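Enquirer: next one to model:
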Amino acid sequence: MVKRAPARKRPRKAKPGTKGLGPAECRLTEPSEAAAEVTQCGCVVGSYKEPLGGHPVFISILPIGAVEPTPFQRDLSDAHHKSLADVINKTGRFLDPIIAVVAPRNGFWTPNGRHRLEAMRRLGAKSIAALVVADRDVAWQILVLNTEKAHNLKERALEVIRIYRGLIDEDASRPESQFAFYLDEAALVTLGICYERVPRFGGGVYHPILRRLETFIDEPLRTAIKDREKRAALVLDLEEKVAAVVKKLKERGLVSPYLRSFVVARINPLRWIKGEPPTLEEVLKTMRDRAVKFNVEKIRAQDLAGAAGPPDEVT
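Expert: Here you go, the predicted model:
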C-alpha cells in the first residue's frame, strides 16, 4: 500500500499587527559568535533582529572572493548575469544585498545571490553587501523559494537533487522525511537523478506518475538515496522502450509533438485504477512490458488527434 504524502497546510491570514516584533524591539544589542565569524574576513556595519521571528541578521560587507554560491543550486545564466552587470554599471550602485550564510569550512555561501555575485565580479568589484544569517539551515529554506521559481521541470529537479546531495554531505543519518519542506516533492528527487544521468531526458511525461506514487520516507538519507537511484534506473529503462516505440511511429509517418505523451498514456495502468494504486516499481514494470509489446501498426493518425501533455522536445 502506498503511503500518501500529507497535504501542505498554508498559514491562515493573521490579523494585522499581531505577530513579530515592533521597530524598537528589532534592535540587536548583544554580539554573538556569528558576528565574530563574519568579522574575521568581512566588516559588520550593522545588525538587527528580523521582524518576524526575531533571528539575528548582520548587515555586512564581505570580500567578493570569500563568497560562493551554494553548490547545489541551478546553473548560472550567462545572459542574465551579464544583463544584470550592465544595469548595475549604469546606476553605479549596488543596492540589493545578497543573503549569505557561513560556509561549512571557510568563507560564505549565498543561496539566492548567484547572479548578483557574478555580475559584481564581472564589474571587478572588491566586495559585496550581504545580509548574513547565522543559521546555515536557512540556505536550504531559501533554496526552496528559488526552486518554486525555477522555469521548468528540469531545473527544479536538478536543484532538488543537488540540495539532497548537499544534505547527505552534512549528515546522511538524518531521515529523508525530515526534509520534505526543503525538497518540495519526492518525485523531483527521482527525476533529478534521471536528469543527472541523461540531460536530454523528457521527464514531463513521467512526472504525474511519480508524483502520485512517490512520497518521502523515514529512512536515513544514505539509504533513501539508493532507493531513489534504483527507481531512476527503472524510469530510464522505461524511457528507452518508449523512445523505441516513438521512433517506430515516426518511421510510419506519424507526426505529433506529443508522441511520447501519447505512448506513455497508452501504457499507463493508473488511468484505470480507482482505489489504492500498486507500488511505483510495479507500475513501471507493467509499463515497460506494455511498451515492449506496443503494436505500432494499430495506431492511426486520428488516434493522435486528442493527444496532449508535455511535447517531446527536451532541452
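Enquirer: going by C-alpha atoms from here, please, whenever you check contacts or count neighbours.
Expert: Noted.
Enquirer: check which helix or strand residue 47 maps to.
Expert: Element membership for residue 47, per DSSP states H and E: strand 43-49.
Enquirer: and the contacts of that strand?
Expert: When contacts are defined by C-alpha atoms under 8 Å, 6 or more residues apart in numbering, strand 43-49 is touched by residues 25-28, 35, 38, 55-62.
Enquirer: ditto for stretch 288-300
Expert: Under the contact criterion C-alpha under 8 Å, 6+ apart, stretch 288-300 has outside partners 237, 238, 241, 242, 245, 248, 249, 254, 263, 267.
Enquirer: try 6 Å
Expert: Identification of contacts with stretch 288-300 by C-alpha atoms under 6 Å, 6 or more residues apart in numbering yields 238, 241, 242, 267.
Enquirer: pull out the buried residues from the host helix or strand of the second one.
Expert: What that stands for is residue 241. Residue 241 belongs to helix 221-251 when elements are defined using DSSP H and E. Along helix 221-251, these residues count as buried under the neighbour rule (16 or more other C-alpha atoms under 10 Å): 221-222, 224-225, 228-229, 231-236, 238-239, 241-243, 245-246, 249.
Enquirer: tell me where the protein has strands.
Expert: Secondary structure of the chain, counting by DSSP state E: strands at 43-49, 56-63, 67-69, 98-102, 108-110, 127-133.
Enquirer: partners of the third one in the sheet?
Expert: To tie it back to what came earlier, the one meant is strand 67-69. On the basis of DSSP bridges, the sheet neighbours of strand 67-69 come out as strand 108-110 (parallel).
Enquirer: same question, the longest one
Expert: According to DSSP bridges, strand 56-63 has the following sheet partners: strand 43-49 (antiparallel), strand 127-133 (antiparallel).
Enquirer: let's have those in TSV, adding mean neighbour count and mean pLDDT.
Expert: Shown next, in TSV, are the strands paired with strand 56-63 (neighbours: other C-alpha atoms under 10 Å; pLDDT from 0 to 100):
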stretch	mean neighbour count	mean pLDDT
strand 43-49	17	90
strand 127-133	22	93
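Enquirer: of the ones you listed, which approaches residue 284 most closely?
Expert: When the strands paired with strand 56-63 are ranked by distance to residue 284, counting by C-alpha to C-alpha, first place goes to strand 127-133 at 43.7 Å.
Enquirer: any chance of the strands of the chain in JSON lines, plus distance to residue 299?
Expert: Shown next, in JSON lines, are those (distance: least, C-alpha to C-alpha, whole Å):
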{"stretch": "strand 43-49", "distance to residue 299": "65"}
{"stretch": "strand 56-63", "distance to residue 299": "62"}
{"stretch": "strand 67-69", "distance to residue 299": "50"}
{"stretch": "strand 98-102", "distance to residue 299": "55"}
{"stretch": "strand 108-110", "distance to residue 299": "52"}
{"stretch": "strand 127-133", "distance to residue 299": "59"}
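Enquirer: how about these, which one is nearest residue 191?
Expert: That would be strand 67-69 among the strands of the chain, by C-alpha to C-alpha, at 23.1 Å.
Enquirer: can you give me the offset of that closest one from its chain's centre?
Expert: On the basis of C-alpha atoms, centre = their mean, to the nearest Å, strand 67-69 sits 18 Å off its chain's mean C-alpha point.
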